[in-house]
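Can you look at this prediction? I've put the sequence above it.
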Amino acid sequence: MKEYKLKSYNIRKDINYKINYEAELNTAQLEAVKIKEGPVLVIAGAGTGKTKTLVYRAARLVEEGVRPENILLLTFTRKAALNMLKRASKILDERCGKISGGTFHSFANLILRKYAKFAGFNGNFTIIDENDAENAIGIIRARLGYNKTEKRFPLKHTVAELISKSVNKNIPVEFILNTEYPHFMDSLEGIKIIQMEYTKYKKEKMLMDYDDLLLYLKLLLKENEEIRKKISNFYKYIMIDEYQDTNKIQADLAYLIASEHNNIMVVGDDSQSIYSFRGANFKNIMDFPKQYPNCKIITLEQNYRSTQPILDFTNALIENAREKYSKKLFTKMEGDLKPVYIETDDTFMQSKFVVQRVLELREEGIPLNKIAVLFRNAWHSNDLEIELASANIKYAKYGGIKFTEAAHIKDIISYLKISYNPLDSISWFRILQLIEGIGEKTAEFITEEIVENNKGINFLKDLVFSGADINGVNINEYKKRYDDNRTLSQSDSLKINYHKKYYKDLYKLFIMLEKLSDRNLTPFELINIAYDYYKPIFENKYDDFNKRFKDIESLLLISQRYKKLSSFLSDMTIEPIEESQTHAEPEDKDDEILVLSTIHSAKGLEWHTVFVIYLVDGFLPSTMSLSSVEEIEEERRLLYVAATRAKQNLYLIKPNYSKKGGNYFQSSYCSLSEVTRFLKENNILEKYTEKWVLSNE
């Protein structure tokens with residue numbers, strides 16, 4: 001019998017596209033949008049229209065007859081997905097609103113609700129947020145007795161952070177502990193026990209935290225082939241935004257969802273991979289062609305944000321990256337001003353230059369909200385914040401709280417305020433509660449006696465030696481009963497020990513405040529005295545005191561330019577406290593507010609003028625990032641991200657930085673005077689920048 005094979009054949013179906021893609025897109029964008037089948041990697045340089053590319057591809061797939069429900073668009077925020085689908089609907093029609101769009105976590109929740117029993121959960125499992133996760137860990141921590149250990153044990157927030165980072169970065173918790181909290185290495189076994197108990201706790205109570213959503217979805221798809229095939233065959237076209245920011249679990253999920261068809265387009269920029277501290281894996285975008293050897297790679301290089309001189313600088317900056325996708329950004333925008341490079345004698349002159357230039361730009365018609373100052377670490381803006389306040393320039397800080405609103409800075413400033421004004425009841429109330437055992441009621445009583453009843457700081461000494469009655473407890477009475485060999489109840493003994501402890505601490509406070517009362521001391525000397533007293537409180541109060549110490553160093557550095565405490569305190573007291581400056585917005589939307597931001601928080605944004613400060617080797621790259629080539633390369637990408645935020649003006653500032661003085665400040669003495677290594681390569685400063693030299697009138 002003769003076998004006759006049936007072959008597949010295509011019937012050409014002409015489509016009358018509603019959208020004129022050729023007119024709306026440049027050549028590279030159009031190429032990416034027109035590809036329908038197979039794996040595609042779109043390397044989208046900064047400002048090259050990656051979002052537009054995704055939007056138009058989603059619309060074109062719908063125009064070509066793909067059911068919107070079968071398209072999966074994964075982004076890193078729900079807002080980003082909604083905005084893209086809204087734009088797609090606007091250029092095509094409402095069908096685009098039915099595209100399956102969302103975050104990895106929202107998608108995982110959707111699938112796990114449907115197939116919960118296959119993951120070992122009920123369909124009504126509860127998702128707990130970060131605060132709930134911390135509280136659960138706190139319960140386990142206390143139940144296991146780690147809240148009463150002789151040696152200090154990490155707080156619940158720190159334990160939760162360690163566990164989450166371990167999951168997202170796919171590395172053992174001990175590695176993170178050793179890197180970020182080396183002073184807690186003795187607590188490693190306890191943290192591991194809590195981690196195991198926390199996993200068991202969630203499973204028993206049908207709870208999932210954010211990390212679990214991804215973990216259990218991956219487990220479900222790997223272990224249940226039928227479900228994997230069903231999901232993959234339903235979501236026939238997958239698009240993923242900001243692929244350079246995905247972690248290992250997210251990349252594995254993408255491969256599993258696309259496993260039946262490989263119709264997956266990932267869009268991102270390897271040169272903007274800067275979130276490894278959150279678990280992002282640079283290798284995901286670099287290894288995509290290894291996962292899909294036949295993938296199509298398209299590079300978007302036409303920039304719609306910056307002038308060519310800025311792009312020439314950023315192209316040269318990234319050219320020496322050890323591992324990258326080659327690209328040369330270009331633009332048709334007008335502008336011939338080179339980035340400006342300035343060296344200053346010290347950090348104070350750096351701040352003075354930024355403030356003066358910002359004021360000049362504003363006079364030239366550039367609104368404050370079109371200007372940004374970017375830096376590697378949040379504390380790098382500390383000195384600048386004081387200078388901005390002196391010049392009455394409003395600002396919002398992203399990527400951390402304002403310097404003067406950091407709790408540890410407010411603590412030290414409160415000591416100084418009391419030495420300057422002993423009637424400052426707010427500062428008294430604050431510093432008294434820093435003493436273990438003193439709560440609001442006791443602090444209120446002591447403050448009232450010192451301030452309202454005019455007893456002054458000597459009342460602290462009187463308390464210690466007179467055995468005054470506080471909250472109904474008279475220490476002398478207990479002491480007498482003890483001396484007379486009378487039997488004390490357990491609660492009476494506890495009261496004596498309890499008050500003995502903070503009476504001793506009150507006396508230490510009294511001695512320190514007496515030292516601060518010397519009017520011949522400079523603010524720098526006063527802060528050293530205050531920190532000498534505050535140091536054990538500081539290190540006991542914060543698990544991350546080693547990171548926060550940078551703020552103390554900044555405070556000492558800033559104080560060196562003041563001779564009078566009154567002037568120093570006036571400049572430090574800027575404006576009322578807000579809970580946080582992260583994502584701060586002006587009360588009046590019409591107000592002009594200068595933007596201060598860490599580079600990490602600035603990604604995806606743009607400004608007419610950008611200042612990048614502290615371009616010193618040791619600051620960028622950070623000394624904390626010099627242990628591996630991978631970390632140094634991420635620091636290079638950080639500078640690239642900062643520079644590519646600028647549209648018209650880019651100012652690169654390198655101060656000479658030295659720390660000197662006494663006490664704890666001197667113990668960390670260093671002098672950092674070399675410009676960041678990334679600006680020494682390829683003759684970047686000579687070829688691509690204009691150098692300015694500062695002079696005094």
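Structure received.

and the gap between residue 286 and residue 273?
9 Å (CB to CB, to the nearest Å). Yep, even glycine has a C-beta here, placed from its N, CA and C like the rest.

Equivalent analysis for residue 595, please.
Taking CB to CB, one finds residue 595 at 23 Å from residue 273.

who's more crowded, the two?
residue 273 (25 against 22; other CB atoms under 10 Å).

Run through the residues that contact the closest residue to the more buried one other than its chain neighbours.
Among residues not flanking residue 273 along the chain, residue 244 sits closest, at 3.9 Å (CB to CB, 6 or more residues apart in numbering). Residues near residue 244 by CB atoms under 8 Å, 6 or more residues apart in numbering: 268-270, 272-273, 280, 282, 284-285.

ok now do the most centrally placed residue in the chain, which residues does it touch?
Central residue of the chain (CA atoms, centre = their mean): residue 399, 5.4 Å from the mean position. Listed by CB under 8 Å, 6+ apart, the contact set of residue 399 reads 378, 582, 597-598, 600-602.

Give me the buried subset of the residues you listed.
378, 597-598, 600-602 (16 or more other CB atoms under 10 Å).

where's the residue nearest to residue 273 relative to residue 279, distance?
13 Å.

same thing with residue 237?
Residue 237 sits 27 Å away from residue 279, going by CB to CB.

re earlier: Serialize the buried ones among the contacts of residue 399 to TSV and add fields for distance to residue 71 and pLDDT.
What follows is these, written out as TSV (distance: CB to CB, whole Å; pLDDT from 0 to 100):
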residue	distance to residue 71	pLDDT
378	39	87
597	34	94
598	35	93
600	31	91
601	31	90
602	31	91
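
from those, which ones fall inside helices?
600-602 (DSSP state H).

Specify which member of these is nearest to residue 25.
Among these, residue 602 lies closest to residue 25 (CB to CB), at 27.2 Å.

from memory that closest one sits against residue 644, does it?
No - Residue 602 is beyond contact range of residue 644, at 9.9 Å (criterion: CB atoms under 8 Å).

Now tell me what touches the helix or strand harbouring residue 113 from outside.
Residue 113 belongs to helix 104-114 when elements are defined using DSSP states H and E. Helix 104-114 is contacted from outside by 72, 74, 76, 78, 100, 102, 119, 121, 123, 125, 127, 208, 210, 213-214, 216-217, 220, 231, 246, 250, 253, using CB under 8 Å, 6+ apart.

Please list only the buried members of those.
Among those, those buried by neighbour count (16+ other CB under 10 Å) are 72, 74, 76, 100, 102, 119, 121, 125, 208, 210, 213-214, 216-217, 220, 231, 246, 250, 253.

Could you look up the SS state of residue 43?
Using DSSP: H, G, I helix; E, B strand; the rest coil, the secondary structure recorded for residue 43 is strand.

repeat for the one 5 residues further on
Reducing the assignment to helix, strand or coil with three-state DSSP, the entry for residue 48 is coil.

Pull the distance from stretch 344-360 to the chain's centre.
Here stretch 344-360 shows a centroid-to-chain-centroid distance of 26 Å under the convention CA atoms, centre = their mean, to the nearest Å.

in it, what's buried?
So for stretch 344-360, counting by 16+ other CB under 10 Å, buried means 344, 346-355, 357-358.

How about stretch 553-567?
Result for stretch 553-567 [16+ other CB under 10 Å]: buried residues 553-562, 565.

Looking at those, which is nearest residue 333?
residue 554 (37.8 Å).

what sits against the closest one?
Contacts of residue 554 (CB under 8 Å, 6+ apart): 379, 382-383, 403.

Those residues in helices, which ones?
382-383.

Need the max-distance pair from the contacts of residue 554.
The widest separation within those (CB to CB) is 9.5 Å, between 379 and 383.

Let me see the mean pLDDT of the helix or strand where residue 289 lies.
Using DSSP H and E, residue 289 maps to helix 288-291. Mean per-residue pLDDT for helix 288-291: 96.

Which strands border the next helix or strand after that helix, and is each parallel or antiparallel?
Next along the chain after helix 288-291, taking DSSP H and E as the criterion, comes strand 296-300. Using DSSP bridges, strand 296-300 pairs in its sheet with strand 40-44 (parallel).

Give the rounded mean pLDDT of the partner strand.
97.

Then stretch 381-401?
Stretch 381-401 comes out at a mean pLDDT of 88.

What residues sit buried inside it?
381-389, 393, 395-401.

now do stretch 220-230
220-221, 227-228.

Tabulate the residues you listed (CSV), appending distance to residue 686 and secondary structure.
Shown next, in CSV, are the buried residues of stretch 220-230 (distance: CB to CB, whole Å; DSSP: H, G, I helix; E, B strand; the rest coil):
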residue, distance to residue 686, secondary structure
220, 57, helix
221, 53, helix
227, 60, helix
228, 56, helix
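
Now render those residues as JSON lines, adding distance to residue 546.
Formatted as JSON lines, the buried residues of stretch 220-230 follow (distance: CB to CB, whole Å):
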{"residue": "220", "distance to residue 546": "40"}
{"residue": "221", "distance to residue 546": "40"}
{"residue": "227", "distance to residue 546": "46"}
{"residue": "228", "distance to residue 546": "45"}
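
List just the nearest of those to residue 682.
Closest to residue 682, out of all of the buried residues of stretch 220-230 and judged by CB to CB, is residue 221, at 45.2 Å.

so after the helix holding residue 113, what's the next helix or strand?
Following helix 104-114 toward the C-terminus (DSSP H and E): strand 126-127.

Please tell me the pLDDT value assigned to residue 181.
Predicted confidence (pLDDT) for residue 181: 87.

Spell out the secondary structure type for the nearest residue to residue 120 once chain neighbours are set aside.
Of all residues not flanking residue 120 in the chain, residue 203 sits nearest, at 7.1 Å (CB to CB, 6+ apart). Classification of residue 203 by three-state DSSP places it in helix.
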